[in-house]
Each structure stands twice: as structure tokens, then as C-alpha cells.
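A.B. asks: Sequence and predicted model, in that order:
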Amino acid sequence: MDFQAIKYFKSLNSLRFFAAAFVLIGHSEALRFQKGINSNLHDWSFFNNGQNAVLFFFVLSGFLITYLLLKELKEKQKVAIKKFYIKRVRRIWPLYFLLVFIGCIVQPWLIDYLNIPYKMPYTFGETWYYFVFFVPGLVTLFYGSHLLEPLWSIGVEEVFYLIWAPLVQLFRKHLLQLLIAVIGIKLILLFLLQFLPKQSFPPVTSHLIHTMKFEAMAIGGLGAYLLFYFGKRLTKHFFFKPFSQVLILSLIAIYLGAHLTINDKLPIEKQFFATSIKSVFFLYLMLAISVIPHKIVSLENRAFNYLGEISYGIYMFHLLVATLVLDFMGKIETASPFLNGLLFYFLIFGFTILLSAFSKRYFERIFMKKA
């Protein structure tokens, strides 16, 4: 395999879908818990991996974007920054701003028009600039939970994309040092947040340091760098031997299945480097199922591949769908909590996937064709 000419990373689309599904389940269970509905999965650690799934998305984004930039540097000796921005804008902005329009304009109008007993936690006039300048996480910080809460991670990725292409171009001969510097600076900031008095940092500063997961994206980028330049040695390393794959992938599965208990008992989760450790494991997972010649696990599947292709829509639409389904479920009765939960998730997954597929084909693709 030519590790500098990979066009498609097998199984990563499947992982995208599973990560989006974890986020969907996590938010849905939180909504049911808030409504006082018997929450079948709320206390199950495996189904509370929404935050870990978002962290995985950051690592994956850093990995793929850095790999593409490395290929461009090899082929053209420079990064076409303008073209890079245009591609990211056409891929991300249409759906992002559609959701902003729905959450800030359509939703308040419908609430008022239908006399729904719900008060919006914010007005468009109070928050538009947070959405426009890609810091939607500050809306949640200042106004509490809302329909557009998942957009915070899209804002983080957009800020990263904004600075990453120019940095890669500027430090193209010292990219490894740049990646290590990004990780190191972020870890120092997290260390200071952990051990300095809380009043040392304003709430907004503390929030931005925590939510701008640049260290996770840089760890993904570090994986891309190592694969690009040292692919043969990397994939033949002891850590990727079949026995090691079984051991490490089992550890990842155990963590995902028991992280709520582990987080309560191990102080490491409270420490400043916990996110980076998990990011390294997620990077290993990506490499182990996509580029290792003797992989023990493969998730390459036509159905999952398609669901991964529409996972951006699944991530963006799921909270809107979950809210509507929850309102509908409140008006019907089922024979048992089990059937209630089964119908609940059948409707959420079904309508979210249908809406995402429709959006991909008839809305997002219009802009992507021009990219």
C-alpha cells in the first residue's frame, strides 16, 4: 500500500455513523430523563458515550484534513488555502446555517403561532453573532440548553479549519513540531485550569479552553503525519500485531461500556490529560480498522458506509427530531416502557435518517457539486 496516496479510508464512514448514533442516543435519553419519562438506557454507560463520540469526531477531522493537506503539499508543494476554505464552506455552512435559521427563526415563530407552552431561552437578536462567528457553545453557556446545542462542535471545527490550512502552509517543513506544539500548549492551558484558582480565568475563557478541542484534532493530525511518512513501519509495529489489536480494542470497548463507573473511581478522568489519552485510543481505533494490513476488525459495509456519508445530517437534525418525537410520544400510550422505548428509537432513527438522506441529496449536494 502506498501510504501517501490513499484515496479512501475503509470503515471510517461506518465509525462516523456509530459516533453519530451515540450522540443521538445520549441526547435522546437526556431529554427523556428531563421529562421524567422512564429512561431505559440513561444509566447504561455504553449508551452515554455522546461526549466520547464528539471527541472521536474531532480526532477524525484532524486526521483526515491533515492527511489531505499533506497529499496536497507533496503534489503541489503548497496548500491552496482559498480552495481549501471554499470546500469547507460548501460542505459545512449550508446545513449549519439552515439549522440556525430553523432554531432561531422558525422554531420561535411556530411556538408563538401554535401557542406551545414553551419559552425560548434566547432571542435571535441576543445570539445571532455567536452563531455567525462560530462560537455557538457560548449560547449554551449564557442561556442554557436549546435545540441548536449540538452546533458547538461544528463551531470548534470551523475555527480549527480557519487556522489550520495557513499554519500547515507556513510550517510545512516543521509540521511535526507544529502538531506537538498545539497539543502541548493546550495541555498547559488545561493544566492551569485544573490547578489554578477558578477566579484566575473568566468563565468565557475557561469555557473556550475546554471546548476548543484542538489537542484532539492535532492528535488526529499527528496520526496522519506518522501514517503519511512512516506508514509501513507504523502498520508493522508491535502495537498493531493481532494480539495487540485484540488487547487494545478490548480495552477501548471496556472503557466505552463502563466509563461512567471508571470516571467516578479513577482520578485520571479529573486530570488535565484525560482527553488526550482518549484521543490517542480513538486514533488507534481508526488506524486499526482502516489501514492495518492484518486487521482483526473491519466495519466496511455498504449500508453503514451510506449512513456514515449522511452522518453530518444525522448529527445536525437528531435533536430536532428527538424533540418532536418526544412530544408525539407524550400523546400516546403503549403497553409497556420497553415498547415505549422501542417505538421512541424506531421513530427517532427512522425520521432522522430519512431527513438526513433527503438533505444530503436535495440540499447539501447542490453546494457540494460546486466544490
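C.D. replies: Received it, and whenever you're ready, just let me know what you need.
A.B. asks: For the rest of this, base every contact and every neighbour count on C-alpha atoms.
C.D. replies: Fine.
A.B. asks: buried ones in the lowest-mean-pLDDT helix or strand in the chain?
C.D. replies: The helix or strand of the chain with the lowest confidence, counting by mean pLDDT, DSSP states H and E, is helix 107-113 at a mean of 82. Judged by neighbour count using 16 or more other CA atoms under 10 Å, the buried positions of helix 107-113 are 107-108.
A.B. asks: Repeat that for stretch 224-233.
C.D. replies: Of the residues in stretch 224-233, those buried under the neighbour-count criterion (16+ other CA under 10 Å) are 224-228, 231-232.
A.B. asks: residues in contact with residue 304?
C.D. replies: With contacts defined as CA atoms under 8 Å, 6 or more residues apart in numbering, the neighbours of residue 304 are 13-14, 17.
A.B. asks: if you set the cut-off to 6 Å instead, what comes out?
C.D. replies: Residues in contact with residue 304 (CA atoms under 6 Å, 6 or more residues apart in numbering) are residue 14.
A.B. asks: Could you check how far it is from residue 18?
C.D. replies: In this view, residue 304 and residue 18 are 9 Å apart by CA to CA, to the nearest Å.
A.B. asks: ok so, going back, then the least confident helix or strand of the chain to PDB, C-alphas only?
C.D. replies: What follows is the C-alpha trace of helix 107-113 in PDB, where atoms were taken according to Å, rounded to 0.1, in the frame of the first residue of the first chain:
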ATOM      1  CA  GLN A 107     -38.900  27.500  16.000                       C
ATOM      2  CA  PRO A 108     -39.800  30.700  17.900                       C
ATOM      3  CA  TRP A 109     -42.400  31.500  15.200                       C
ATOM      4  CA  LEU A 110     -44.000  28.100  15.500                       C
ATOM      5  CA  ILE A 111     -44.000  28.200  19.300                       C
ATOM      6  CA  ASP A 112     -45.900  31.500  19.100                       C
ATOM      7  CA  TYR A 113     -48.200  30.500  16.300                       C
END
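A.B. asks: what's in contact with the helix or strand that it is followed by?
C.D. replies: Along the chain past helix 107-113, the next helix or strand (assigned with DSSP states H and E) turns out to be helix 124-132. By CA under 6 Å, 6+ apart, the list of residues contacting helix 124-132 from outside reads 104, 136.
A.B. asks: neighbours of the residue nearest to residue 137 when sequence neighbours are not counted, just the number please.
C.D. replies: Once flanking residues are discounted, residue 137 sits nearest to residue 152: 4.4 Å by CA to CA, 6 or more residues apart in numbering. Residue 152 has 20 neighbouring residues, counting by other CA atoms under 10 Å.
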